[in-house]
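Peer 1: here you go, sequence then predicted model.
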Amino acid sequence: MLQQIVDRRLSGKNKSIGNRERFLRRYREQIRDAVKKAVSGRSIRDIEQGEDITLPRRDVSEPVFGHGQGGVRETVHPGNREYVRGDRVGRPPSGGAGGAGGQGSPDGSGEDDFVFRITRDEFMQIFFDDLALPHLVRTQLLPDAPEWKSQRAGYVSAGNPASLHVVRSMRTSLGRRIAMGGDLRQHLRELQEALAKAERLDSTPREEIHALQQRIEALMHRVRRIPFLDPLDLRFRNRVRIPQPTAKAVMFCLMDVSGSMDEERKDIAKRFFILLYLFLQRHYERTDVVFIRHHTQAAEVGETEFFQATESGGTVVSSALTLMHEVIQARYPPGDWNIYGAQASDGENWFKDSALCRDLLQQKLLPLVRYYAYVQVAGDEQNLWEEYDQVRRNEPNFAMRRITDAADIYPVFRELFRKAGTS
């Protein structure tokens, strides 16, 4: 009888999604390198799109079975017009081209590279792999929308058939059968011994023997009526949901928009913050983002204004740090929130203000935050870099890096937010 199998799994129109996921896991390193190159050359608007990935053919080779060099084979392929069965054909020299007029790939491998496209979600998943906010701690229970954790809570007598515990059910069944039939089996053994003794004595009346046999048969019938498995014996794994503390976090994004920040430096800073913003939106549901722009004065702005508005003027970095501290005191109690900060600047600052920035970080901000990252989008060491370098030597939750080109954004971003224990 012919059997027909209909696949009704909810995997969309693409039924080979499992094979695709295995392929992405297998060539993870090559795809990650391709994503790294793609990010370094993208504009701000295109940072969250998919990408065409090209893998060298030598990296996706598969093991194949083939005939050895020895042996004699008689084969006539379909479409042959030159040979008939029995003709002898010389073997082509080893290493020759597979076809006439064929051309190999530019790298000399003889075959074209393998090209495929990863989707937007796959691109972002690979891009943000092995990244996390440092020192994130679950702080409190949310009464309106708590997070729940499923935890085992013993066994119950009713539940989903999928959660049936067979061993526990059979153990309960065995105990019930022993309890219900223990006295009956003991009485049955006594009657069987009495019957055996009576049958050995010739003087025992036949009526007495017959009565013992009837009583034994009745007891055996009662024992057989004890069910092997009763619905009361079934035991199911029980799980309960326990509310868990929620990791509430806030990220402060501080960007210098003064006159010394030319368009190239602003573009690098914006691309860094866009990566950070996408990372937070994708991995952390309950994370607030506070955008602060500053020149001589600092202002809290919205997402659109932060990434699109253009301003110029002098530079007083301490205004942004002061505003960040005020917002923390007003809206984000450190006991309830995981506070993070990320600052991007070219390092140029009013000379006397840089020492004030160092004091603000050490005395007011760093005791409140889990992690603070400073990125300088210029190659030369400015006075602000020198002051922050003194902070870095004494504060483990403070990190600083330098970005001079768009190609440095990706490695610096991964270095600042890499999970502990990953390379």
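Peer 2: Noted; the coordinates are in hand. Only a predicted model underlies this, so the values are computations on that prediction, with no experimental measurement involved.

Peer 1: if I look at Arg265, how far off is Asp353?
Peer 2: From Arg265 across to Asp353, the span is 19 Å (CB to CB, to the nearest Å). Where C-beta positions appear, they are placed from N, C-alpha and C, glycine not excepted.

Peer 1: who's in contact with the residue positioned nearest the centre of the chain?
Peer 2: Centroid-nearest residue in the chain: Asp129, 7.7 Å away (criterion: CA atoms, centre = their mean). Counting by CB atoms under 8 Å, 6 or more residues apart in numbering, Asp129 touches Arg32.

Peer 1: repeat that with 10 Å
Peer 2: Each residue near Asp129 by CB atoms under 10 Å, 6 or more residues apart in numbering is listed here: 28, 32, 35, 414, 419, 422.

Peer 1: try Val257
Peer 2: By CB under 10 Å, 6+ apart, the contact list for Val257 reads 266, 269, 293-295, 299, 301, 306, 309-313, 315, 345.

Peer 1: looking at the residues you listed, which are in strands?
Peer 2: Those of the contacts of Val257 mapping onto strands are 293-294, 299, 301, 345, per DSSP state E.

Peer 1: about what we covered before: before we move on, what SS does the residue nearest to the centre of the chain have?
Peer 2: Counting by DSSP: H, G, I helix; E, B strand; the rest coil, the backbone at Asp129 sits in coil.

Peer 1: quick check: Ile242 is in a strand.
Peer 2: Yes - remark: Ile242 belongs to a strand, assigned using three-state DSSP.

Peer 1: bridging residues for it?
Peer 2: Applying DSSP bridges to Ile242 gives these bridge partners: Lys149.

Peer 1: circling back to that earlier point, out of the contacts of Val257, who has the most neighbours?
Peer 2: Ser345 (29 neighbours; other CB atoms under 10 Å).

Peer 1: Ala249 versus that one, what's the distance?
Peer 2: With CB to CB as the criterion, Ser345 and Ala249 are 23 Å apart.

Peer 1: same deal with Tyr83?
Peer 2: For Tyr83 relative to Ala249 (CB to CB), the value is 74 Å.

Peer 1: neighbour count winner among those two?
Peer 2: Ala249 (21 against 12).

Peer 1: for Gly181, give me its contacts.
Peer 2: Gly181 touches 188, 219, 222-226, counting by CB under 10 Å, 6+ apart.

Peer 1: spell out which helix or strand contains it, please.
Peer 2: helix 166-200 (DSSP states H and E).

Peer 1: what is the subsequent helix or strand relative to that helix?
Peer 2: helix 206-224.

Peer 1: next, the buried residues of that next one.
Peer 2: 212, 216, 219 (16 or more other CB atoms under 10 Å).

Peer 1: try stretch 334-354
Peer 2: Residues of stretch 334-354 classed as buried: 337-350, 353-354 (neighbour count, 16+ other CB under 10 Å).

Peer 1: from those residues, which shows the smallest pLDDT?
Peer 2: Between the buried residues of stretch 334-354, the one the model trusts least by pLDDT is Trp350, at 80.

Peer 1: so what's that one up against?
Peer 2: 296, 314-318, 356-357, 383-384.

Peer 1: also Thr296?
Peer 2: 258, 313-316, 319, 350, 353.

Peer 1: which of the residues you listed scores worst on pLDDT?
Peer 2: The member of these with the lowest pLDDT is Gly313, at 71.

Peer 1: any idea how far the spatially closest residue to Ala249 that is not a sequence neighbour lies from Gln281?
Peer 2: Nearest residue to Ala249, sequence neighbours excluded (CB to CB, 6 or more residues apart in numbering): Asn338, at 4.0 Å. Asn338 is 16 Å from Gln281, where distance means CB to CB.

Peer 1: quick one: which of the contacts of Val257 is nearest Thr172?
Peer 2: Phe306 (63.5 Å; CB to CB).

Peer 1: tell me who's in contact with the closest residue to the closest one other than its chain neighbours.
Peer 2: In this structure, Phe306 finds its nearest non-sequential neighbour in Phe291, 3.8 Å apart by CB to CB, 6+ apart. Shown in contact with Phe291 (CB under 10 Å, 6+ apart): 251-255, 273, 277, 299-307.
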